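Visitor: the following comprises the amino acid sequence and a computationally predicted model.
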Amino acid sequence: MVPLSWYVVLGVLLFVIGAAGVLLRRNILVVLMSLELLLNSVNINFIAFGAFHDDFRGRIFAIFVIAITAAEVAIALGILVALVRNKATLKVDEVTMLKG
């Protein structure tokens, strides 16, 4: 059996890598992948703590996060397709179309 602390350390490492990707990268696709990494690290911790406490609610929360993430990705990719049609760039700094 793998100790709970290993799952927590893995979740923290993935969260830090994802947060660094969101804050430091300028490509929209890389930022979206970093957001996915953030959410998956939270899922790891939900499932690990649920299994540690012998409770199924951690798995249920993880399923909800996965469903919300799927919806977020579908909407974000639709916005990206529309953005690439109007501007031929995926850099965050160069996209100012949505400003009011």
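Guide: All right, it came through fine.
Visitor: what's near enough to touch the most centrally placed residue in the chain?
Guide: By C-alpha atoms, centre = their mean, the mean C-alpha position of the chain lies nearest to E36, the distance being 2.2 Å. Going by C-beta atoms under 8 Å, 6 or more residues apart in numbering, E36 touches G18, T69, V73. C-beta here means a position set from N, CA and C on the backbone, and glycine is covered the same way.
Visitor: please redo it, this time with the cut-off set to 10 Å
Guide: Neighbouring residues of E36 by C-beta atoms under 10 Å, 6 or more residues apart in numbering: G18, G21, T69, E72, V73.
Visitor: again, but for G58
Guide: Neighbours of G58 in contact, by C-beta under 10 Å, 6+ apart: N43, N45, F46, I47, A48, F49, G50, A51, F52.
Visitor: mind putting those residues into CSV with secondary structure, neighbour count and pLDDT?
Guide: Below are the contacts of G58 laid out as CSV (DSSP: H, G, I helix; E, B strand; the rest coil; neighbours: other C-beta atoms under 10 Å; pLDDT from 0 to 100):
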residue, secondary structure, neighbour count, pLDDT
N43, helix, 21, 95
N45, helix, 20, 95
F46, helix, 20, 95
I47, helix, 17, 95
A48, helix, 21, 95
F49, helix, 17, 95
G50, helix, 17, 94
A51, helix, 16, 93
F52, helix, 13, 94
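Visitor: among those, which one sits closest to A88?
Guide: Nearest to A88 among those: N43, at 34.8 Å, using C-beta to C-beta.
Visitor: test my guess that that closest one contacts A67.
Guide: No: using C-beta atoms under 10 Å as the test, N43 is too far from A67 to be in contact (11.4 Å).
Visitor: mind listing the shared neighbours of the two?
Guide: Going by C-beta under 10 Å, 6+ apart, no residue sits against N43 while also sitting against A67.
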